[in-house]
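Student: this one's structure only:
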Ligand SMILES: Nc1ncnc2c1ncn2[C@@H]1O[C@H](COP(=O)(O)OP(=O)(O)OP(=O)(O)O)[C@@H](O)[C@H]1O
């Protein structure tokens with residue numbers, strides 16, 4: 001269980017997250033949605049301890065930091081680190097030895113190529129594979145489906161289902177509602193740094209209806225597209 005209590009975060013004078021509280025249970029997949037700039041990535045960086053924050057993140061996991069795997073929306077790799085070395089770096093940090101990486105290379109990545117020269121989707125696949133090899137209990141995935149090819153996305157969906165069966169806790173941010181709908185047990189909505197709703201699967205259709213019927217106003221006319 002991960003318990004977030006009154007978490008707030010500011011950058012300078014700008015308040016990004018205001019007094020956010022929620023709980024994440026084991027064996028569940030949570031979706032985090034919100035418009036661009038709502039604070040999803042900032043919240044993830046607070047959960048992983050990359051950013052300082054006010055409030056508390058409590059957990060029954062022995063050491064949250066050492067049991068969490070964070071997939072950033074744009075994973076960064078040092079210039080001269082191969083895919084293989086990156087995996088070794090992350091697994092060594094957890095004292096895990098991976099034999100026969102080739103056999104476990106589920107996305108068929110060129111492991112001896114510098115990861116910094118991978119394509120966007122390949123970078124995401126490598127970063128995901130590495131946190132899976134780490135055998136984390138808590139997965140924080142920032143837009144895991146973006147930039148990944150169709151087969152990759154199907155495989156990621158299957159991986160998520162398996163993580164759920166293995167009683168792991170997963171939180172995913174995504175702008176792709178159709179995918180969230182199939183994958184997530186609950187959807188958390190972040191609006192301008194405030195947590196507005198926690199929506200259960202049974203209410204997804206209402207949420208979808210609301211999203212489809214949003215009032216676009218005269219945006220197209222503003223562009224001269226009349
Ligand atoms: N290092 C930073 N310094 C100052 N402001 C920042 C910093 N990082 C993020 N912000 C601001 O915090 C707000 C939330 O950004 P964040 O990246 O968390 O949004 P998001 O919900 O993940 O957006 P998106 O859907 O576009 O990925 C934005 O206004 C952004 O400009």
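Tutor: Structure's in. What do you need? Since the structure is predicted, the reported quantities are computational estimates derived from the model, not experimental observations.
Student: Determine the longest helix present in the chain.
Tutor: Looking across the chain with DSSP state H, the single longest helix is helix 150-165.
Student: in that helix, what counts as buried?
Tutor: Applying a neighbour-count criterion of 16 or more other C-beta atoms under 10 Å, one finds 152-153, 155-156, 159-160, 163-164 buried in helix 150-165. In short, each C-beta sits where N, CA and C put it, glycine included.
Student: in the protein, which ranges drop under the pLDDT threshold?
Tutor: Applying pLDDT under 70 to the chain flags no residue at all.
Student: For the most centrally placed residue in it, what is the enclosing helix or strand?
Tutor: The centroid of the chain falls nearest to residue 141 when counting by C-alpha atoms, centre = their mean (1.6 Å). For residue 141, the element it lies in under DSSP states H and E is strand 138-142.
Student: Now do that strand and helix 150-165, the angle between them.
Tutor: Counting by axes from the mean of the first three to the mean of the last three C-alpha atoms, to 10 degrees, strand 138-142 points 150 degrees away from the direction of helix 150-165.
Student: do strand 138-142 and the ligand meet?
Tutor: No. Strand 138-142 stays clear of the ligand (C-beta under 6 Å from any ligand atom), getting no nearer than 7.3 Å.
Student: what's that strand packed up against?
Tutor: In terms of contacts (3 or more C-beta pairs under 8 Å, 6 or more residues apart in numbering; DSSP states H and E), strand 138-142 is packed against helix 40-48, strand 68-71, strand 169-173.
Student: deepest of the ones you listed, which one?
Tutor: Stretch with highest mean neighbour count among the helices and strands packed on strand 138-142: strand 169-173 (a mean of 25; mean count of other C-beta atoms under 10 Å).
Student: From the rest of the structure, what touches stretch 32-40?
Tutor: Outside stretch 32-40, the residues that touch it by C-beta atoms under 8 Å, 6 or more residues apart in numbering are 9, 16-17, 43-44, 142, 171-175, 177, 180, 187-193.
Student: and if we set it to 10 Å?
Tutor: 9, 15-18, 20, 22, 41, 43-46, 73, 140-143, 171-177, 180, 184, 187-197, 199, 207, 211 (C-beta atoms under 10 Å, 6 or more residues apart in numbering).
Student: same check, this time on stretch 118-126
Tutor: Stretch 118-126 is contacted by residues 71-77, 82-84, 86-87, 90, 105-111, 113, 115-117, 127, 141-149, 152-153, 155-156 when judged by C-beta under 10 Å, 6+ apart.
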